[in-house]
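**Q** here you go, sequence then predicted model.
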Amino acid sequence: MTTRRKFLTSGALAAGAATLAAPTIAQSSPIKWRMQTYAGSALGAEVVKPAIDAFNTIADGQMEIELFYADQLVPTAELFRAMQKGTIDAVQSDDDSMASPTEVTVFGGYFPMALRYSLDVPALFNSYGLKEIWDEEYTKVGIKHISAGSWDPCHFSMKDPINSLADLQGKRVFTFPTAGRFLARFGVVPVTVPWEDVEVALQTGELDGVAWSGITEVYTAGWQKSAPYFLTNNISGAWIGHFFANMERWNEVPETMRSLMQMCFDSSHLYRQHWYWSGEAKLRVEGADTTLTTIPDAEWATVEAEAQKFWDEIASESETKAKVVNIIKTYNDTMTKAGRPYRYS
């Protein structure tokens, strides 16, 4: 039998030998990603930074995403190419602004009159098949489409009051590519400048206004001082934006980190929905720096009718575009038939 003395002697020696023989496990370095958002620093602090901060905290050293704001690493129009090449790992943007070479690019950002409320975006992507179409289109070009979400509606914020369509004639407006293509039908002159230069461009007269956002972003960006007239008619009820990643980088990340990213980005989508929904109403009522103007419904109906023609023109360009347009038409028809609260008119 092993005596207590022998156990203590032989056990201690064995334990010591085992300790000496055990290999040293080096702490692996965290996976590091660089993400750039379309948003400037003031806006990005609301629409993406909380989600990235949460991800980095929960990842607990396993992975870290470094966030960059509009144009800090590359111009917004070059975001897609930079991500595709692996210069940056991930992007938060709409398809339109980052000039992605896909059949669905035209629907990113503000597709004219396609959406009434922010909830229309997740409904279309999760229940009407848009998610599968986006996944397929981006897989073809080596990009992982992580998720889609809604931002604010698109309104005009102008230096001069807009009370009729005639007041838009010749106005130089900062807007998204597809929105600009549509608004040109009403005499608007679309102008592209870096996001951070918009305020100065308004002050110098290079811009007469913006059709880039709702009133929440106008105040967040500080544009209300130079463009104090806010038109209540909107081009779209919500902006469609996404999180994307380079496919190779995405596949290299452990499943746990991919799932965590998905959850944090989904929480970002939810936050924006209530932040914008609350802010749009509150600032219309309490925004001391802005004056509300409205184009009468009967006149604005001509814009809505023109949007239907625009949809058909887009649908004629390709089979995939036609499929998306038909989904949007079916969805809106369902919402109209459902009546209140889905559609009021």
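**A** Right, received. Where do you want to start? Source: prediction; values computed, not measured.
**Q** hang on, residue 79 in a strand?
**A** No: per DSSP: H, G, I helix; E, B strand; the rest coil, residue 79 lies outside any strand segment and is helix.
**Q** so what's it closest to, chain neighbours aside?
**A** Of all residues not flanking residue 79 in the chain, residue 98 sits nearest, at 3.8 Å (Cβ to Cβ, 6 or more residues apart in numbering). Yep, even glycine has a C-beta here, placed from its N, CA and C like the rest.
**Q** thought residue 131 was touching residue 125?
**A** Yes: under the criterion of Cβ atoms under 8 Å, residue 131 makes contact with residue 125 at 4.4 Å.
**Q** shared neighbours of the two, which are they?
**A** Both residue 131 and residue 125 are contacted by residue 148, under the criterion Cβ atoms under 8 Å, 6 or more residues apart in numbering.
**Q** who's more crowded, these two?
**A** Counted by other Cβ atoms under 10 Å, residue 131 and residue 125 do not tie: residue 125 has more neighbours, with 21 against 16.
**Q** give me the element the more buried one is part of.
**A** Taking DSSP states H and E as the criterion, the element that holds residue 125 is helix 120-127.
**Q** I'd like the mean pLDDT over the helix or strand following that helix, please.
**A** The helix or strand immediately downstream of helix 120-127 is helix 130-139, counting by DSSP H and E. Averaged over helix 130-139, pLDDT sits at 98.
**Q** ok now helix 130-139, how far from the chain's centre?
**A** Chain-centre distance of helix 130-139: 16 Å, with Cα atoms, centre = their mean, to the nearest Å.
**Q** the next helix-or-strand element following it packs against which elements?
**A** Counting by DSSP H and E, the next helix or strand C-terminal to helix 130-139 is strand 143-150. On a contact count with 3 or more Cβ pairs under 8 Å, 6 or more residues apart in numbering; DSSP states H and E, strand 143-150 meets helix 79-85, helix 120-127, helix 130-139, strand 240-246, helix 247-252, helix 255-286.
**Q** change it to 6 Å
**A** Applying 3 or more Cβ pairs under 6 Å, 6 or more residues apart in numbering; DSSP states H and E, we find strand 143-150 packed against helix 130-139, strand 240-246, helix 247-252, helix 255-286.
**Q** tell me the helices and strands packed up against the longest one.
**A** Going back to what we said before, that points to helix 255-286. With contacts defined as 3+ Cβ pairs under 6 Å, 6+ apart, the packing partners of helix 255-286 are helix 49-59, strand 143-150, helix 215-221.
**Q** where does pLDDT dip in the protein?
**A** 1-27, 345 (pLDDT under 70).
**Q** change it to 80
**A** Within the chain, the stretches with pLDDT under 80 are 1-28, 345.
**Q** picking that back up, quick one: the residue nearest to residue 79 is in a helix?
**A** No: going by three-state DSSP, the assignment for residue 98 is coil, not a helix.
**Q** that one contacts residue 80, doesn't it?
**A** Yes: the pair residue 98 / residue 80 is scored as a contact, 4.4 Å apart, by Cβ atoms under 6 Å.
**Q** with respect to residue 342, which of the helices and strands packed on helix 255-286 lies nearest?
**A** For residue 342, the closest of the helices and strands packed on helix 255-286 is strand 143-150, at 15.5 Å, according to Cβ to Cβ.
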